[in-house]
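> based on what follows, work out the 3D shape:
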Amino acid sequence: MNEILKICTNKYIYIPILVWFAIQSFKVIWDLVETKKFNFKRILGAGGMPSSHSAVVMCLAVMIGKEYGFDSSIFALALIFGVVVMYDAAGVRRAAGKQAALLNKIINTPGLSIPQVQERLVEVLGHTPIQVFVGAVIRNNCWNFCVSEF
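Model (predicted):
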């Protein structure tokens with residue numbers, strides 16, 4: 001039980017989770033404003049503005065840098081990890097989303113003999129570079145809020 005309490009009170013876990021939740025909640029509200037429909041699936045969905053992936057990994061890297069020094073090996077590890085995550089969000093996952101959109105278009109083309117497909121592929125998987133950048137920058141504001149509140 002003591003170990004669970006340690007995990008729950010570890011600021012390197014709960015602050016990035018709060019940042020993620022705040023950004024995902026913003027996406028739900030933004031989607032509601034744009035579409036006039038409440039889509040709770042958006043809270044767990046990937047993609048969109050801003051990138052919660054970028055915000056979380058940069059939040060963690062900056063927290064570690066401030067605590068252990070920006071010249072520490074643990075900061076270097078967190079920063080490199082963050083860059084890989086952001087590259088993946090803007091590169092590989094975005095390309096997979098574009099491929100899904102193209103496949104969905106092909107599947108819906110009348111007259112083609114294509115095997116029966118039960119569901120559409122998820123098209124919003126990744127982020128544009130600007131979404132990744134905004135997610136990384138927004139982290140600073142969330143960090144300041146979380147530190148002042150907790």
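> from here on, just use CA atoms for contacts and neighbour counts.
Noted.
> which residues of this structure score low on pLDDT?
When residues are selected by pLDDT under 70, those of the chain lie in 42, 46-49, 91-95, 97-98, 104, 108-150.
> how about the strands in it?
With DSSP state E, there are no strands along the chain.
> longest helix in it, by number of residues?
Scanning the chain for the longest helix, with DSSP state H as the assignment, gives helix 11-35.
> show me what that one is packed up against.
helix 52-68, helix 129-149 (3 or more Cα pairs under 8 Å, 6 or more residues apart in numbering; DSSP states H and E).
> let's see it at 10 Å
helix 2-8, helix 52-68, helix 129-149 (3 or more Cα pairs under 10 Å, 6 or more residues apart in numbering; DSSP states H and E).
> could I get the buried residue list for that helix?
With burial defined by 16 or more other Cα atoms under 10 Å, the residues of helix 11-35 counted as buried are 11, 15-17, 19-21, 23-29, 31.
> kindly report the same for stretch 77-86.
So, applying 16+ other Cα under 10 Å, buried residues of stretch 77-86: Ala78, Leu79, Gly82, Val85, Met86.
> check contacts around the third one.
Right, Gly82. With contact set as Cα atoms under 10 Å, 6 or more residues apart in numbering, Gly82 has these partners: His53, Ser54, Ala55, Val56, Val57, Met58, Cys59, Leu60, Ala61, Ala76, Asp88, Ala136.
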